[in-house]
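> pasting the structure only:
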């Protein structure tokens, strides 16, 4: 069992096969981990339950060997079947307190939050970390038209005690200022998955995250 207290949220890869230039999730994940990814979320919105599980098996095996936590998007059943380290839940997914009853105290539960109110509720219900979205407007979530922005990070961060990760059009060009504003890490989709060299892209983002943390 992964120790939740040792979680490193610095560079959080969120997979998206549709954005991965024809490459498999595993190919992108391996490259990102080599580049410095510290956490991976497997997101499979279109897959059947069996496809999701089978996809997760090989990814789970690779990440476990690397001691990198695997988080499953939305699907508590898949997380349990794979014995993944945890799940990430959106506002329309299973309530956090119910998920905690099913998963137990040692699994990691992340929650998406768009406002300070949502962030505080998620923390109260037992979330281990928050995914603030979107820091910047992003094509992967076109329904989210209002961004938090760099200026909105401190208020949300100061309102909770648990780690906070930002997602939404974050890349090597803005990771430094996002972490400098208070984030514990950045969650990245297209800025790694859609790059010709995911390893180099991950390394560039990680460099900016660590530079911000040092300063």
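Received it, and whenever you're ready, just let me know what you need. Remember, it's a predicted structure, so these values are computed and weren't measured experimentally.

> now the helices for the chain?
25-35, 49-66, 76-82, 96-103, 116-125, 149-158, 175-180, 190-193, 198-214 (DSSP state H).

> Of the ones you listed, which stretch is the most buried?
Comparing the helices of the chain by mean neighbour count (mean count of other C-beta atoms under 10 Å), helix 190-193 ranks first with a mean of 24. The C-beta positions use only the backbone N, C-alpha and C, and glycine is treated the same way.

> before we move on, the earlier item: lowest-confidence stretch among the helices of the chain?
Lowest mean pLDDT within these: helix 149-158, at a mean of 92.

> which residues touch that one?
113, 115-116, 119, 130, 132, 135-136, 148, 164, 166, 174, 177-178, 181-183 (C-beta atoms under 8 Å, 6 or more residues apart in numbering).

> can we see that at 6 Å?
Residues from elsewhere that reach helix 149-158, judged by C-beta atoms under 6 Å, 6 or more residues apart in numbering: 116, 119, 132, 164, 177, 181-182.

> What of stretch 28-43?
8, 10-15, 20, 56, 59, 63, 66, 68-73, 88, 192-193, 198-199, 202-203, 206.

> thinking residue 86 is in contact with residue 71, fair?
Yes: if you go by C-beta atoms under 6 Å, residue 86 and residue 71 touch, sitting 5.0 Å apart.

> elements contacting the longest strand anywhere in the chain?
Ordering each strand of the chain by length in residues (DSSP state E) puts strand 108-113 first. Judged by 3 or more C-beta pairs under 6 Å, 6 or more residues apart in numbering; DSSP states H and E, the packing partners of strand 108-113 are strand 86-89, helix 96-103, helix 116-125, strand 129-132.
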